[in-house]
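Student: Next input, structure requested:
(chains A and B)
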Amino acid sequence: MSVVTPNTSTFLKVFQNTSDNVGGLILLEDTIESSSQNLLNHMYSYWLPTTSKQHRNIWFLNFNNTINEYKQLSKKYNQCNFVVIDFYSDPFGWNQPHTITQGATSLLSNNLVQVPMIFKSSQHDSNSIVNMIQNVFNAVPAKLKESPILLINSISTLVLKNGLSDTCSLIRTLINYNFNSATTAATNEDKDKKKSIKGNKMETGIDGSLNRKKQDKTFTNIFAILHTDLHEMDITVSKELQYISSVSIQVTELSPKLKYSESLPHPYESTITLITKKRSGRVVRNVEYYYINSNGKVEFDSAESLESQIQEAEVDPTENLSFNLKLSEEEKLAKNNVVLPYRHQGNDQTLIIEDPDEEDFDDEDPDDDLDI
Amino acid sequence: MDVFSHLNWYSGNVSEDGEPEKSIPSGKLILVSDTLESDGSFLIHYFLQSIFKSTSNSNSSGGNSSNRGGACLLGLNQSLFNYFNVGRKLGYNLTTENGKGNFTFINGLSTPYQWIKEQRVQQLEEQGIDEEPPLDSISQGFSPFPVIQLTSDKLNNNNSSSNSNSSELVDILKKIYQEFIDDHMKRMAKDPKSKTLFIIDSLNILSSYYSKNKSGSYMDIINFLQYFHTFVQDNSKTCSLVILFHSDCDEDTKFYNMLKYEADLTISISGLKSGYSKDIDGQIGFIEKDENNLTFKKINPIHYQALDNTIRFFHLGSRIQ
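Tutor: Sure thing, here's the model as predicted:
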């Protein structure tokens, strides 16, 4: 029985920082019924501990969770440090005096001491988000700026607040923007926001096109979580974001066949469908299932391995009977030689009788023979 | 068997009768959703009853147990008269509880004649009469104790603190938030160990206020709940929030789903799938957000029957007569 080991799970491969990684948007879709939280927790266990081999710098754009949950997350992994830009706690600006922007210096004094680093903002439009990230980038120590992943939790809130096209533009900006070069440009041009944005030429062409400039993108990946049950009336949201993503991961409920099956090798929680766009342009679709093992860790099985397991489990029903249902060689030969009716001339042709001359339509008036 | 035993909501102490003390968990945002065919307001009366009972028990046992608390109820669905009468049937008196500081009521509905008060004053001025005798107590509205009024003439004039971005809805939400926090502070000032349960009954009507938000009034309400959730978690030992929401009022379930994502516990009250039953009024389902890993987990549903003075709860299929 072949079981996929964790190293070859497609889901985990997506997040490994290899040369295969195309960069760009990784979209994770889930619902309340089939939540992606277990998978996220699994990824946090790889990324967050500073001792982990797969440690990554994670920048959270928080729209959905209380700050307490991030503090707990940091505590769980030994007070590890990461950046949280918090748009959740103060959406109306009630908690602070009316300031439009927070300069880098005020961010520095307030927030660099605590772990994790939390920066608050009340402005939720796309421009403010980008400016906020820029300010935070300028303020934060270099260690946290090494190949960071931007995790947007969740992008559903952005789509609901700002609209789909605005959110897509924001994602494209975040994918391509070089926040690093903007700092040097800013010091030269007197911190003028508009000029620093123009100073970064953004290439959004297809990978592999001839005139593509090699850009130093700040964020290795944008990892966005979309709750599809918040956009049930509007399927274009999910489709559009899948379209611009490099990897699209959908967590859905198990098919009824699996859900009620009694012969599963593991108690699967949900189905994961991954659509990966390779650098060559090829699009690959993988289906996996995950379950939580006895240690509380997440394990994956691919759909192909499951099919082979189920096939192996199919037993020949003619065995182990007290009477004989099998055919002998002679009987098999005789069976093959039987000429079935309607299979004329033994050529296995199905005979269709159709006479084009014979028409059903009668021009005569059927009431003609009435004698009234 | 009741909701407390099913969800294991106990404070850990034992009351005088030798039974474990029931306690609504603090630091949580609890969403109670109901439908037209199975009304959920019984749960609010049930929670109030449990709070007043456990507070009076802990007061009489010498103040050793830490289960003292109160409730602050925002009535957007029913008037105080209704809660008062139900309370009388269930065995608590809202006036005395208010006197003890255990109950505060914020009236979200308007009082009788409030909307024509200004016109009446104008009319009297034109006629040359300065003052008229005050309305009788029934016309003024039922208020056996001082009640905070949410909508008032003063609200429209008091725009000094709001900037151009706020709208009627945001102003109302800010006032609600402020009132709740003030009530919590007052209770904490008297007794730092007491717990406050904020109750909003119900959330649907708030969406009909004018909102300048281009995504609709629901986004404003969600933003408002975010403030609350943060406050409740920051003060996680001393307050919780219960929201009643009718899930069948909207064409799509977007807002309901957003609330479910926001809530720490969703209690959904629905009718029986098999139709009407004389002995069972409906089914209560639970979705709980695990504290440690933030996953959603479903707890087994239970059946309930709302009788005149009590509510009976049954495990599925155990209602045997």
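
Student: number of nearby residues for the residue in the stretch 1-150 of chain B that chain A sits nearest to?
Tutor: In the stretch 1-150 of chain B, the residue that lies nearest chain A is B:G27 (8.8 Å; CB to the nearest CB). Just so you know, the C-beta spots here come from the backbone N, C-alpha and C atoms, and that holds for glycine as well. Neighbours of B:G27 under the rule other CB atoms under 10 Å in any protein chain shown: 19.

Student: Kindly report the same for B:F313.
Tutor: Neighbour count of B:F313, defined by other CB under 10 Å: 19.

Student: Quick check: it is in a strand.
Tutor: Yes. B:F313: assigned to a strand according to DSSP: H, G, I helix; E, B strand; the rest coil.

Student: That one: what's it in contact with?
Tutor: By CB atoms under 8 Å, 6 or more residues apart in numbering or on different chains, the contact list for B:F313 reads B:1-3, B:6, B:284, B:302-304.

Student: circling back: need the nearest residue in space to the residue of the stretch 1-150 of chain B closest to chain A, chain neighbours excluded.
Tutor: B:S236 (2.9 Å; CB to CB, 6 or more residues apart in numbering or on different chains).

Student: Kindly report the same for B:V3.
Tutor: B:V3's closest residue in space is B:F313 (CB to CB, 6+ apart), at 6.3 Å.

Student: From B:N67, how far off is the one you found?
Tutor: Between B:F313 and B:N67 the computed distance is 21 Å (CB to CB, to the nearest Å).

Student: same check, this time on B:R312
Tutor: In terms of CB to CB, B:R312 sits 24 Å off from B:N67.

Student: Check B:M1 too.
Tutor: The gap separating B:M1 from B:N67 is 21 Å, by CB to CB.

Student: More neighbours: which of those two?
Tutor: Counting neighbours by other CB under 10 Å for B:M1 and for B:N67 shows that B:N67 has the greater number, 25 against 11.

Student: wait, the more buried one sits on B:S11?
Tutor: Yes. Between B:N67 and B:S11 there is a contact under CB atoms under 8 Å: 5.0 Å.

Student: got any residues that touch both of those two?
Tutor: Common neighbours of B:N67 and B:S11 (CB under 8 Å, 6+ apart) are B:21, B:23, B:54.

Student: which SSE is A:V237 in?
Tutor: Element membership of A:V237 [criterion: DSSP states H and E] is helix A:235-244.

Student: List the pairing partners of the next helix or strand after that helix within its sheet, with orientation.
Tutor: Using DSSP H and E, the helix or strand that follows helix A:235-244 towards the C-terminus is strand A:247-252. Paired with strand A:247-252 in the same sheet, following DSSP bridges, are strand A:24-30 (parallel), strand A:268-277 (antiparallel).

Student: and those as a markdown table, adding mean pLDDT and mean neighbour count?
Tutor: As requested, the strands paired with strand A:247-252 are exported to a markdown table (pLDDT from 0 to 100; neighbours: other CB atoms under 10 Å in any protein chain shown):
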| stretch | mean pLDDT | mean neighbour count |
| --- | --- | --- |
| strand A:24-30 | 93 | 24 |
| strand A:268-277 | 91 | 19 |
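
Student: ok, back up a step: packing partners for the helix holding A:V237?
Tutor: Helix A:235-244 sits against strand A:24-30, helix A:164-176, strand A:221-227, with contacts defined as 3 or more CB pairs under 8 Å, 6 or more residues apart in numbering or on different chains; DSSP states H and E.

Student: how about those in TSV, adding distance to B:L173?
Tutor: Listed next are those as TSV, based on distance: least, CB to CB, whole Å:
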stretch	distance to B:L173
strand A:24-30	29
helix A:164-176	25
strand A:221-227	23
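
Student: Which one, of the ones you listed, ends up nearest to B:S58?
Tutor: Closest to B:S58 of these is strand A:221-227 (CB to CB; 41.3 Å).

Student: What are the contacting residues of the closest one?
Tutor: With CB under 8 Å, 6+ apart as the test, strand A:221-227 has contacts from A:21, A:23-32, A:36, A:40, A:149-156, A:159, A:171, A:174-175, A:237-238, A:241, A:246, B:257, B:261.

Student: Now, of these, which are buried?
Tutor: A:21, A:24-31, A:36, A:40, A:149-156, A:159, A:171, A:174-175, A:237-238, A:241, A:246, B:257, B:261 (16 or more other CB atoms under 10 Å in any protein chain shown).

Student: Give the lowest-confidence helix or strand of the chain, using mean pLDDT as the measure.
Tutor: You didn't say which chain, so I picked chain A. helix A:193-198 (a mean of 48; mean pLDDT, DSSP states H and E).

Student: you looked at the wrong chain, it should be chain B
Tutor: Of all the helices and strands that make up chain B, helix B:153-157 has the lowest average by mean pLDDT, DSSP H and E, namely a mean of 48.
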